[in-house]
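**Student:** coords below, sequence missing:
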């Protein structure tokens, strides 16, 4: 009997199926996925309990009021990726708001020129942090804690603690109070900033170097990276974001006071860490930061519509942060958790 001809086995699709399942599992256990679920639950809960929460007007109001925190959080992401921290952004925002008012009212400059010089002053403030951290090798926590007090003290000194700047031109107020293409006017600026930081972090050598520095500064130096210059850039970006946020903040409220931006630095840091960026550096994403900003904004706005005391927002923000940090670990397969 003639031997049966050799038949090539049909290529198996099992490796592809296994690879697809693995990719799906990785996606489900990502920090951002858990945070997106929390954000959705928040939205549904406040839609039920908060009167008028889900309306278009309130959605626009939510976007409008979260813009400044979002700008600070976006700029804070590269800073924390390198293993640093910037506690001064809220105070720098307040100082820049006063500088804007001084330049326009007392310096008699056009509002556009005053805004441009304000952002330049904010970059100088970020540059001060950068010099102290990179040249003098001082810890970022101590440096920015010191400039936190310095910038707020300068703002209070310039106003004697009581002076308030009001009466800004109508054209300037439109930036924070008007709409553009049926969106709050400041949202296109925020979207451009978000896209720019996302590209920097995720699609450039700068972003890869920031992660490398966060993982191991010494290793990054041995690899030939200009560590000090790359770190300095993050603090300059942070300063520029604080200046831009100050301009938008002043335009939205129509006034500038020395206490502007109080507590904003903590909210920005919370949003970044909530979004999955490691406080020790080396790991994180801009889209995670955006989800963190959204979660905090929805929580704060939703509690107002649910008629809950303002103090509850701080407590629930802490609970939200702890939940978001613990959820990806709890969602891991049990075998993987036991190995860790």
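**Tutor:** Nice, I can see it. These figures come from a predicted structure and were not determined experimentally. Numbers count the residues shown, from 1 in each chain.

**Student:** show me where the stretch 1-150 of the chain has strands.
**Tutor:** In the stretch 1-150 of the chain, no strands are defined using DSSP state E, counting those that start in this stretch.

**Student:** what segments of it are helices?
**Tutor:** Counting by DSSP state H, counting those that start in this stretch, one finds helices in the stretch 1-150 of the chain at the ranges 14-28, 31-49, 56-65, 67-81, 89-101, 111-134, 140-159.

**Student:** let me have those helices in CSV, extended by mean pLDDT.
**Tutor:** Listed next are the helices of the stretch 1-150 of the chain as CSV, based on pLDDT from 0 to 100:
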stretch, mean pLDDT
helix 14-28, 47
helix 31-49, 86
helix 56-65, 89
helix 67-81, 96
helix 89-101, 96
helix 111-134, 97
helix 140-159, 96
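
**Student:** quick one: which of the ones you listed is nearest residue 173?
**Tutor:** helix 111-134 (9.8 Å; C-beta to C-beta). Every C-beta, even on glycine, is put in place using the N, C-alpha and C of the backbone.

**Student:** can you list the buried residues in the closest one?
**Tutor:** Within helix 111-134, the residues scored as buried using 16 or more other C-beta atoms under 10 Å are 111, 114-115, 117-119, 121-123, 125-126, 128-130, 132-134.

**Student:** same question, stretch 300-308
**Tutor:** 300, 301, 302, 303, 305.

**Student:** now stretch 170-189
**Tutor:** Buried residues in stretch 170-189, counted by 16+ other C-beta under 10 Å: 172, 173, 175, 176, 177, 184, 185, 186, 187, 189.

**Student:** next, give me the two most distant ones among the residues you listed.
**Tutor:** Taking C-beta to C-beta, no two of these sit farther apart than 172 and 187, at 17.2 Å.

**Student:** mind telling me what element the nearest residue to residue 69 once chain neighbours are set aside is part of?
**Tutor:** Closest residue to residue 69 apart from its sequence neighbours, by C-beta to C-beta, 6 or more residues apart in numbering: residue 267 at 5.2 Å. When secondary structure is defined by DSSP states H and E, residue 267 falls within helix 264-274.

**Student:** helices or strands up against that helix?
**Tutor:** Applying 3 or more C-beta pairs under 8 Å, 6 or more residues apart in numbering; DSSP states H and E, one finds that helix 264-274 contacts helix 67-81, helix 89-101, helix 286-305, helix 310-331.

**Student:** between the second one and helix 140-159, how many degrees?
**Tutor:** Going by axes from the mean of the first three to the mean of the last three C-alpha atoms, to 10 degrees, helix 89-101 is angled at 30 degrees with respect to helix 140-159.

**Student:** end-to-end on stretch 125-141?
**Tutor:** Terminal residues of stretch 125-141 lie 16 Å apart, using C-alpha to C-alpha, to the nearest Å.

**Student:** run through who's touching it.
**Tutor:** By C-beta atoms under 8 Å, 6 or more residues apart in numbering, the residues outside stretch 125-141 that reach it are 79, 84-88, 92, 95-96, 143-144, 147, 151, 228-229, 231-233, 235-240, 242-243.
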